[in-house]
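**Q** Fold the following, please.
(one chain, ligands or ions: 1)
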Amino acid sequence: MPASVSLVDCTLREVEYETHLTLAESVQIASELSAAGVHYLEVADRGAPSWADLEIEDYVSAVAQAAPRTTVAIMVYPGACLETIARAVAAGAGCVRLAANITEAADILPLAEGSKDLGVPLVTFNAMKTYAVSAAEAIRIAEDACAAGVDVFYTADSAGCMLPTEVAHLSRSLHERGIATGFHGHDNTSLAVANSLEALDSGAVMVDGTLRGAGRSAGNAQLEVLVKAAQRNGFLSAVDGDLLARRAEELIAGRRLRDRGVSYLDIAIGEGRFHTERLEMAREIADSHDVPLPDLVREVGRRDPIRPSRQLMEVTAEYLRDAHGRFQWKSTLADSH
Ligand SMILES: CC(C)C(=O)C(=O)O
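**A** Numbering: from 1, shown residues only. Purely as a prediction, here's the structure:
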């Protein structure tokens, strides 16, 4: 019998990479998620998006009131302070999601204990770019996170590059050590839903998605598809996948920046384990060095998947330009994207 698992919707945070929602739209989405029985919905610690001129507590409170069956989760990044968390919690947030690069966990974990002291029932650590370290290292960091007060350690496939076998191996290894795990997947290689299913089958207790797959880079695991697929394996049976699919159609589909397909650039990002936070820098350097952007991100990501510097990108671009010149394969690649 599958264990009881929780579904986390990240639409309100991730959709901001594609479009801006009004407060009324955010509230409507929150209300629909709640009606469908989604367990958690996530908002960002930067609070209300910049257009709204709202304090974090106003935003959290509006969303929480619209979603009585759903717990509001606030995602916080390095640099956030406990006072922001306290304000969000006072306004109705019942879950804190600490996010940092897996190699920089120390920048965020001190907020775990403070969050627990505030009475937050659930604190997660979302280990961005989990794939950048070995499974053994991820397990060690997860153990440190739990010792610091974290309840659930999340594997975050930030570049959408992980394979189901990798997700299964890590999730199962964590589970066997008594560490509660979650999975947050991006869709650069069209595996976000498959990876989420693999995580559930391997003992994960939380999985994330967004309506219509909206989100950064190639988007996230598509919530309504994930629900339907998970139900076939005995998970998330109380969530109304049809309602989510209808609302995703009405509220999100027409507002996505990208079509449903995965572009050549998305694939290269996934293969190269390159996080899109540095994509504009890479684009500028690819242009100035006259090398194809997919080649650059693939090569740079292979060399440093966590924090590739401008210098690394420039050196890599020079290397690629020379290689292209030498082997004369640039024109072939350029034709293909
Ligand atoms: C904020 C984190 C968890 C994220 O969305 C990612 O790294 O993909």
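**Q** switch to C-alpha atoms for all contacts and neighbour counts from now on
**A** OK.
**Q** Pull the number of nearby residues for the closest residue to the ligand within the stretch 1-150 of the chain.
**A** Going by CA to the nearest ligand atom, the ligand is nearest to M128 of the stretch 1-150 of the chain, at 4.2 Å. Residues near M128, counting by other CA atoms under 10 Å, number 24.
**Q** Is it in contact with T155, as I believe?
**A** Yes: M128 is within contact range of T155, at 7.3 Å (criterion: CA atoms under 8 Å).
**Q** show me where the stretch 1-150 of the chain has helices.
**A** Per DSSP state H, counting those that start in this stretch, the stretch 1-150 of the chain carries helices over the ranges 11-14, 23-35, 56-66, 82-90, 110-117, 135-147.
**Q** ok, for S158, nearest residue in space, not its chain neighbours?
**A** Spatially, and ignoring its direct neighbours in sequence, S158 is nearest to K129 (5.2 Å; CA to CA, 6 or more residues apart in numbering).
**Q** Now the one you found: phi and psi?
**A** Reported as degrees, to the nearest 10, the phi and psi values for K129 are phi 60, psi 40.
**Q** Check the spacing between it and A105 real quick.
**A** Distance, K129 to A105, by CA to CA, to the nearest Å: 11 Å.
**Q** Name the residue in these two with the higher neighbour count.
**A** The neighbour comparison of K129 against A105 (other CA under 10 Å) goes to K129, with 24 against 21.
**Q** Near the ligand, which residues of the chain are found?
**A** Counting by CA under 6 Å from any ligand atom, the chain comes close to the ligand at 99, 126, 128, 156, 158.
**Q** Highest neighbour count among these?
**A** For these, neighbours were counted by other CA under 10 Å; the highest total belongs to N126, with 28 neighbours.
**Q** from memory that one sits against D157, does it?
**A** No: between N126 and D157 there is no contact under CA under 8 Å: 9.9 Å.
**Q** residues near C146, how many?
**A** Using other CA under 10 Å, C146 has 19 other residues around it.
**Q** for it, what are its contacts?
**A** With contact taken as CA atoms under 8 Å, 6 or more residues apart in numbering, C146 is in contact with 152-153, 179.
**Q** How much space separates the closest residue to the ligand within the stretch 51-200 of the chain from R278?
**A** Closest residue of the stretch 51-200 of the chain to the ligand, CA to the nearest ligand atom: S158 (3.4 Å). Remark: distance between S158 and R278 (CA to CA) = 13 Å.
**Q** which residues of the stretch 1-150 of the chain score low on pLDDT?
**A** The stretch 1-150 of the chain contains residues with pLDDT under 70 at 1-3, 46-52.
**Q** make it 90
**A** Residues of the stretch 1-150 of the chain meeting the criterion pLDDT under 90: 1-4, 16-23, 44-56.
**Q** you'd agree F153 is in a helix?
**A** No: F153: not assigned to a helix; according to DSSP: H, G, I helix; E, B strand; the rest coil it is strand.
**Q** The residue of the stretch 1-150 of the chain closest to the ligand - nearest residue in space that isn't next to it in sequence?
**A** Nearest to M128 is N101, by CA to CA, 6+ apart, at 4.4 Å.
**Q** G114 now?
**A** L82 (6.7 Å).
**Q** which residues touch the one you found?
**A** Going by CA under 8 Å, 6+ apart, L82 touches 111, 114-115.
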